[in-house]
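Trainee: What follows is a predicted protein model with its sequence.
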Amino acid sequence: MNKSAYYLYNNVAITAGSIVAMLKSTQSIELARVALFLPLLLDDNIVKKINEKNEYSFDNIVSLNILNISNFNERYRDILPLLMNAISILLDMEIIVIKGEFIINRKFSNFSIVDDCGSMRLHAITLAAEKLMKATQNLDLSKMYFKLNVEL
């Protein structure tokens with residue numbers, strides 16, 4: 001997929017919805033964790049594989065998607081402008097606040113935005129986000145960055 005098609009498919013609205021989906025299972029999340037998970041959640045093949053399994057770990061997600069994440073560092077960098085725009089929109093809508101390195105859910109009731117929008121893709125992302133957040137809640141973020149070969 002060329003870059004312009006990539007940005008049309010993975011637009012700011014889907015990115016904002018993905019951030020809200022990650023906040024569905026927690027009150028706050030590190031900005032670096034959101035940045036790391038977005039390229040995974042915006043990839044339909046990875047989301048499908050995450051949603052097909054009931055039991056998994058972060059290592060399983062990486063090993064099952066080795067071809068899909070072979071260019072992960074490039075996708076990570078490409079997603080950063082979308083991330084910043086989505087955060088800006090969510091801040092303007094007063095859904096989130098940023099304190100230090102954390103994105104904090106300001107209004108827990110706003111999850112109906114994601115649940116009621118009718119987007120099948122966003123619904124699948126929400127399910128995958130919940131599983132990904134649960135599977136990685138006790139993992140060291142720097143080790144996950146290392147495992148996905150992200151260059152900072």
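Mentor: Now that the structure is in, tell me what you want to look at.
Trainee: Could you use CA atoms for every contact and neighbour count after this?
Mentor: Will do.
Trainee: okay, the nearest residue to residue 148 once chain neighbours are set aside: pLDDT?
Mentor: Among residues not flanking residue 148 along the chain, residue 72 sits closest, at 6.7 Å (C-alpha to C-alpha, 6 or more residues apart in numbering). In this model, residue 72 is scored at 91, pLDDT.
Trainee: immediately after the lowest-mean-pLDDT helix or strand in the chain, which helix or strand?
Mentor: None of the helices or strands of the chain scores lower by mean pLDDT, DSSP states H and E than helix 3-9, at a mean of 55. On the C-terminal side of helix 3-9, the closest following helix or strand by DSSP states H and E is helix 12-23.
Trainee: Which is the succeeding secondary structure element to that next one?
Mentor: strand 28-30.
Trainee: Sheet partners, orientation included, of that following strand?
Mentor: Using DSSP bridges, the strands paired with strand 28-30 are strand 102-105 (antiparallel).
Trainee: how far away is residue 104 from residue 120?
Mentor: 26 Å (C-alpha to C-alpha, to the nearest Å).
Trainee: Between these two, which is the more surrounded one?
Mentor: Comparing residue 104 with residue 120 by other C-alpha atoms under 10 Å, the one with more neighbours is residue 104, at 19 against 10.
Trainee: Next, count neighbours for the closest residue to the more buried one other than its chain neighbours.
Mentor: Once flanking residues are discounted, residue 104 sits nearest to residue 28: 4.2 Å by C-alpha to C-alpha, 6+ apart. When neighbours are counted by other C-alpha under 10 Å, residue 28 registers 19.
Trainee: Could you verify my assumption that residue 50 touches residue 62?
Mentor: No - judged on C-alpha atoms under 8 Å, residue 50 makes no contact with residue 62 at a distance of 10.3 Å.
Trainee: which one of the two has more residues nearby?
Mentor: residue 50 (27 against 18).
Trainee: Could you check which helix or strand contains that one?
Mentor: helix 44-52.
Trainee: quick one, what contacts residue 97?
Mentor: 91, 103, 104, 105, 106 (C-alpha atoms under 8 Å, 6 or more residues apart in numbering).
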